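*Asks:* Just to be clear, the model below is a prediction. Sequence and coordinates:
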Amino acid sequence: MIDKAIYIGSFNKEAECPATEIPEFAFIGRSNVGKSSLINLITNRKDLAKTSQTPGKTQKLNFFLIDDIWHLVDLPGYGYAKVSKTMRSDFEKMIQYYLKNRQQLYCTFLLIDASISPQKIDIEFANWLGQHQIPFVIVFTKTDKSKAVEVKKNIDKFNEKLLETWTTLPESFRTSSEKRIGQKELRSFIQSVLADNKK
Ligand code: GDP
């Protein structure tokens with residue numbers, strides 16, 4: 001059960017993040033993918049992720065301590081058109097550095113909007129994670145937003161694109177923050193990763 005969620009702080013780079021051994025789970029996706037809504041769903045809060053949406057914090061690594069045992073890390077959304085090209089590459093480098101070097105990072109949740117067809121930037125990002133052997137799972141969001149057949153088609157197409165590069169697909173979840181679907185599954189996934197690493 002997640003009943004405790006505390007905002008720890010927002011950091012500019014990996015070196016500034018809390019130097020603890022607390023296991024971390026990171027959340028990332030394109031802006032507007034439904035990341036804040038999903039974080040609120042998982043933590044059972046109405047506005048936990050709002051903290052990281054306040055101006056100045058959207059491009060930082062936002063840390064929350066959950067149940068005193070793990071850190072939820074809300075990473076900046078990528079592919080945000082309004083950010084200039086150089087800015088974009090600077091903060092993309094910051095995200096990449098965190099993902100590649102963070103020892104306490106147990107798993108990354110890559111959020112993919114299931115209500116739209118596969119986006120090139122998402123495929124590229126998934127492939128990048130795979131190439132660097134960064135443990136990740138996929139969360140297909142907004143599964144309530146389009147008709148079920150459309151959602152299935154979008155997910156199938158996304159998986160097909162991944163299979164052009166990879167022989168196996170990463171574990172995936174289907175969620176709807178609107179309909180509160182997937183909360184139990186994501187929470188028990190996190191618990192099982194934590195339990196596996198304790199042994
Ligand atoms: P973020 O930018 O990735 O943090 O995305 P938000 O959580 O702020 O959501 C972006 C928009 O998508 C908002 O208008 C949300 O209400 C909507 N949204 C988020 N999750 C869902 C969902 O599961 N279903 C539907 N229909 N809309 C959603």
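*Replies:* Here it is on my side, so go on. Numbering: from 1, shown residues only.
*Asks:* got a list of what residue 104 touches?
*Replies:* Residue 104 sits next to 20-24, 71 when contact means C-beta atoms under 8 Å, 6 or more residues apart in numbering. The way it works is simple: take the backbone N, C-alpha and C, and place the C-beta from them, glycine included.
*Asks:* can you redo these as JSON lines with pLDDT and distance to the ligand?
*Replies:* Formatted as JSON lines, the contacts of residue 104 follow (pLDDT from 0 to 100; distance: C-beta to the nearest ligand atom, whole Å):
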{"residue": "20", "pLDDT": "95", "distance to the ligand": "26"}
{"residue": "21", "pLDDT": "94", "distance to the ligand": "28"}
{"residue": "22", "pLDDT": "97", "distance to the ligand": "23"}
{"residue": "23", "pLDDT": "98", "distance to the ligand": "23"}
{"residue": "24", "pLDDT": "98", "distance to the ligand": "19"}
{"residue": "71", "pLDDT": "98", "distance to the ligand": "18"}
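*Asks:* Most neighbours of all those, which one?
*Replies:* Among the contacts of residue 104, the one with the most neighbours (other C-beta atoms under 10 Å) is residue 24, at 22 neighbours.
*Asks:* isn't that one right up against residue 71?
*Replies:* Yes: the pair residue 24 / residue 71 is scored as a contact, 4.4 Å apart, by C-beta atoms under 8 Å.
*Asks:* starting at the chain centroid, how far to the strand or helix carrying residue 154?
*Replies:* Applying DSSP states H and E as the criterion places residue 154 in helix 148-163. Chain-centre distance of helix 148-163: 19 Å, with C-alpha atoms, centre = their mean, to the nearest Å.
*Asks:* Identify the residues contacting it?
*Replies:* Counting by C-beta under 8 Å, 6+ apart, 112, 114-118, 122-123, 126-127, 140, 143, 145-146, 169-170, 172, 174 sit against helix 148-163.
*Asks:* Apply the buried test to those residues and list what passes.
*Replies:* 112, 114-116, 118, 122-123, 126, 140, 143, 145-146, 172, 174 (16 or more other C-beta atoms under 10 Å).
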